[in-house]
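Undergrad: A structural model of the following input is requested.
(3 chains)
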Amino acid sequence: MPELPEVETMLRGIRTACEGHILQSLQFLPCTRKPITINPDRNAFARLSGHQLDRLERLGKRLLMHFDCDLTMIVEPRMTGLMLVADPPTTEHLRIQMKFRTSQADCTTVLFWDRRGLGTVSLLVPAELQALRDRLGPDALTITTDSLRAALRKTRRAVKPALLDQQLVAGVGNLYASEILHLAGISPRRRCHRLLRREVVQVADATREILSIAVRYEGSTLNDGTYRNALNQDGGYQNHHRVYNREGQLCPTCQQTVIKRIVQTQRSTFFCPGCQH
DNA sequence: CATATGTCCTGAGAGC
DNA sequence: TGCTCTCAGGACATAT
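TA: Numbering: from 1, shown residues only, chains lettered A, B, ... in the order given. Model (predicted):
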């Protein structure tokens, strides 16, 4: 499930194939499965053809493609969406094909593949893009203690569900929330408004640390094998998970306590009761 | 307003 | 072996 590191990896993986190039064609492929959501509708995307993709940007878990016509195409992979420059895992879940002209004679292809079809693509005008930026919290990869403190002060929820709220912090999902709190040594059940300043420092530091390392390893490919990088290869961070999906195993930090799984707001949380307080 | 719950979906894995 | 069932969790709509 693409979170910040996986989306960042997608961006880096497709960059040379599309950034700075003219979009030759964008095609929504026929698919018998549940269709992805397309905003406002597929016809609107015809306006992009012939325009240059000036710049790629990641905004939380979203991938932004800024075109020279002031339109931004936003891809939300959600659970199983992938951006690819190589052959997709299956042909049947292929959703979008974009061709870019890279020279007089050559072109590259960028694909959007989504097995479960929960993904979304949208075309936004500048005012809509600004509205989206305004409702997201600061980006988790570079979050500062002060901005995290300001965000967590807005809620009395337990810290782990709060980290999943994109309006508070943008980019953290269910997997990395557990990893971050384990490195920080903070219990997922702690209430945000009761965290001490030094504890918020620990969470902010752990957030940047975990996510930047996960980016270095090109994200996490779980057992279902759904997430792949742009070349359709496995990520590597699943081999470095501290607690996620490791219920019953010994905590890698204290080597004393067994990792526990609990459910918070309908989502699995993994933590070490021995060293997270 | 702040939080919690329900919803979409596919396929891996469990259990019988 | 082969069937049915549960579960995984992104973001948003709806409920409390």
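Undergrad: Kindly report the domain assignment for chain A.
TA: The domain map for chain A lists A:4-134, A:140-245, with the assignment taken from automatic domain parsing.
Undergrad: Mean neighbour count, these: which tops it?
TA: When the domains of chain A are scored by mean count of other C-beta atoms under 10 Å, the highest mean neighbour count falls to domain A:140-245 (a mean of 19). Using the backbone N, CA and C atoms, a C-beta is placed for each residue, glycine as well.
Undergrad: which residues are contacting stretch A:52-65?
TA: Applying C-beta atoms under 8 Å, 6 or more residues apart in numbering, the external contacts of stretch A:52-65 come out as A:2-4, A:7-8, A:10-11, A:14-15, A:18-23, A:66-68, A:72-77, A:83, A:100, A:129, A:132-133, A:136, A:139-140, A:166, A:170-171, A:173.
Undergrad: ditto for stretch A:19-37
TA: For stretch A:19-37, the surrounding residues in contact (C-beta under 8 Å, 6+ apart) are A:38, A:42, A:45-46, A:48-56, A:67, A:81, A:92-102, A:107-108, A:112, A:114, A:116-121.
Undergrad: Check whether it comes near DNA strand B.
TA: Yes. Stretch A:19-37 lies within reach of DNA strand B by C-beta under 7 Å from any atom of the strand, at A:Arg33, A:Lys34.
Undergrad: what's the spacing between that stretch and its chain's center?
TA: Relative to its parent chain, stretch A:19-37 has a centroid offset of 20 Å by C-alpha atoms, centre = their mean, to the nearest Å.
Undergrad: Also stretch A:224-235?
TA: 14 Å.
Undergrad: and that stretch, C-alpha only, in PDB?
TA: Provided in PDB are the C-alpha atoms of stretch A:224-235 (Å, rounded to 0.1, in the frame of the first residue of the first chain):
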ATOM      1  CA  ASP A 224       1.000  -9.900  -1.400                       C
ATOM      2  CA  GLY A 225       3.700  -8.500  -3.700                       C
ATOM      3  CA  THR A 226       1.400  -5.700  -4.900                       C
ATOM      4  CA  TYR A 227       3.800  -2.800  -4.500                       C
ATOM      5  CA  ARG A 228       6.700  -2.700  -7.000                       C
ATOM      6  CA  ASN A 229       9.000   0.100  -8.100                       C
ATOM      7  CA  ALA A 230       8.700   1.700 -11.500                       C
ATOM      8  CA  LEU A 231      10.700  -1.100 -13.100                       C
ATOM      9  CA  ASN A 232       8.300  -3.700 -11.600                       C
ATOM     10  CA  GLN A 233      10.900  -4.900  -9.000                       C
ATOM     11  CA  ASP A 234      10.400  -5.500  -5.300                       C
ATOM     12  CA  GLY A 235      11.200  -2.800  -2.800                       C
END
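Undergrad: what mean pLDDT does that stretch have?
TA: In this model, stretch A:224-235 has an average pLDDT of 90.
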